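Visitor: Here's a sequence, model it:
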Amino acid sequence: MARRSLPSPWNGLEIAKLATSLLTAAALGMLTYMIAREGQREETARAAAARDEAVRSAREAAQAARAAAIADKRVELWDKLGPLLGRLNFAFNSGHGFAQPPEPAAIRAVAGECENLLATYQIYFPAAFNAQVRNYLSGAEQAAVALESEGLGGTERAGLQANYLAVVEAARSALGVAHLDSGPPQAGVVLPDETTADTTREVPVGPARDAGGR
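Guide: Take a look at the predicted model:
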């Protein structure tokens with residue numbers, strides 16, 4: 001007697017259902033993976049952007065702090081150097097007739113003090129400012145030599161005045177101010193007044209003042 005075969009449970013419809021289920025699960029798994037990966041990429045990009053922003057902010061803060069420190073040092077120098085240069089300028093000013101010429105030793109002393117100050121602070125100033133100050137001080141030294149012999153002529157005085165104004169203009173540029181106010185007189189070597197050798201008259205150009213009162 002022949003055995004009857006049982007019908008197979010895996011007919012075409014069942015196989016199609018199983019294939020559809022497997023494909024759907026695989027598709028959902030792939031979609032979930034892609035979404036998670038894209039989210040991770042976005043998170044990584046946000047973290048990188050935050051790091052870049054932090055680095056940029058830190059760099060800008062450091063640059064601002066450095067600029068502020070340089071500005072403070074520039075004002076600090078000019079508060080000391082400006083009045084001394086102003087005293088030299090007064091001594092050489094061709095608009096004043098001195099009863100007795102300024103002492104060459106006094107001029108050298110003030111010029112030497114200016115040189116020492118510039119040597120200390122020159123790293124905080126642009127090369128143009130340093131060059132203008134040195135040029136003026138060199139002229140002052142030459143004027144001191146001239147005063148020991150034949151004296152200063154009008155041309156020499158005018159040249160010194162022009163060099164002094166160039167220093168003031170360079171200081172305005174370096175300090176970032178429109179004008180420089182007169183500062184308190186500096187104690188030190190006496191330069192004679194235009195009427196007597198033992199009276200001191202000082203006309204300093206001193207501390208820089210900006211809109212913020214610095």
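Visitor: Every contact and neighbour count from this point should use C-alpha atoms.
Guide: Fine.
Visitor: ranges for the helices of the chain?
Guide: Remark: helices assigned in the chain by DSSP state H are 12-92, 104-121, 127-147, 154-175.
Visitor: could those helices go into TSV alongside mean pLDDT?
Guide: Listed next are the helices of the chain as TSV, based on pLDDT from 0 to 100:
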stretch	mean pLDDT
helix 12-92	84
helix 104-121	91
helix 127-147	91
helix 154-175	89
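Visitor: I'd like the ones you listed laid out as JSON lines, including mean neighbour count.
Guide: Converted to JSON lines, the helices of the chain look like this (neighbours: other Cα atoms under 10 Å):
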{"stretch": "helix 12-92", "mean neighbour count": "15"}
{"stretch": "helix 104-121", "mean neighbour count": "17"}
{"stretch": "helix 127-147", "mean neighbour count": "18"}
{"stretch": "helix 154-175", "mean neighbour count": "18"}
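Visitor: Now residue 176: phi and psi?
Guide: phi 70, psi 40 (degrees, to the nearest 10).
Visitor: per-residue confidence at it?
Guide: pLDDT for residue 176: 87.
Visitor: Please report how far it lies from residue 19.
Guide: Using Cα to Cα, to the nearest Å, residue 176 is found at 79 Å from residue 19.
Visitor: likewise residue 93?
Guide: Residue 93 is 105 Å from residue 19, by Cα to Cα.
Visitor: repeat for residue 83
Guide: Distance, residue 83 to residue 19, using Cα to Cα: 95 Å.
Visitor: What residues does the residue nearest the centre of the chain make contact with?
Guide: Nearest to the mean C-alpha position of the chain, by Cα atoms, centre = their mean, lies residue 67 at 3.7 Å. Neighbour list for residue 67: empty [criterion: Cα atoms under 8 Å, 6 or more residues apart in numbering].
Visitor: Recalculate using a threshold of 10 Å.
Guide: 61, 73, 124 (Cα atoms under 10 Å, 6 or more residues apart in numbering).
Visitor: Would you mind confirming that the second one makes contact with residue 125?
Guide: Yes. The pair residue 73 and residue 125 passes the contact test of Cα atoms under 10 Å, sitting 8.9 Å apart.
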